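Asks: coordinates only, sequence not included:
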Ligand code: ZN
């Protein structure tokens, strides 16, 4: 596996409404997309810095993984890092062969139509790691 770049950094927030203006000022740009990902029970907002996106994540339900993260980190914080790979399934297989525990054995659909798969933070030294690819660019 050899990721081409950091696709995005996922940041858990308590309220998009409160946090978006901060990033708009910090990054000198408007948020270009807000999208609800029902599968993960989150609402996302996106910015782009070079090739890398900042993905803000607000939980839409108490069962959302982001809600659980916010219980432990009430101010929000960096939730995950996502690497862009050529093929998510192959990258997940490679990771498993390295002895890394997978959250997703097969890719699923993430925000912005990406194919995504997560590695378990227990085997990635505490960093929730996402592998993703843009099926439109294959
Ligand atoms: Zn992500």
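Replies: Nice, I can see it. No experiment lies behind these values; they were computed from the predicted model shown. Numbering: from 1, shown residues only.
Asks: so how far is the helix or strand of the chain with the lowest mean pLDDT from its chain's centroid?
Replies: The weakest-scoring helix or strand in the chain, judged by mean pLDDT, DSSP states H and E, is strand 108-109 (a mean of 92). Distance of strand 108-109 from the chain centroid (C-alpha atoms, centre = their mean, to the nearest Å) equals 12 Å.
Asks: how about residues contacting the next helix or strand after that strand?
Replies: Toward the C-terminal end, the helix or strand that comes next after strand 108-109 (DSSP states H and E) is strand 115-119. Contacts to strand 115-119, defined as C-beta atoms under 8 Å, 6 or more residues apart in numbering, come from residues 80, 82, 88-89, 91-92, 95, 100-110, 128-135. C-beta: built from backbone N, CA, C; applies to glycine.
Asks: next, the nearest residue to residue 128 once chain neighbours are set aside: phi, psi?
Replies: Nearest residue to residue 128, sequence neighbours excluded (C-beta to C-beta, 6 or more residues apart in numbering): residue 80, at 3.9 Å. Note on residue 80: its backbone torsions stand at phi -160, psi 170 [degrees, to the nearest 10].
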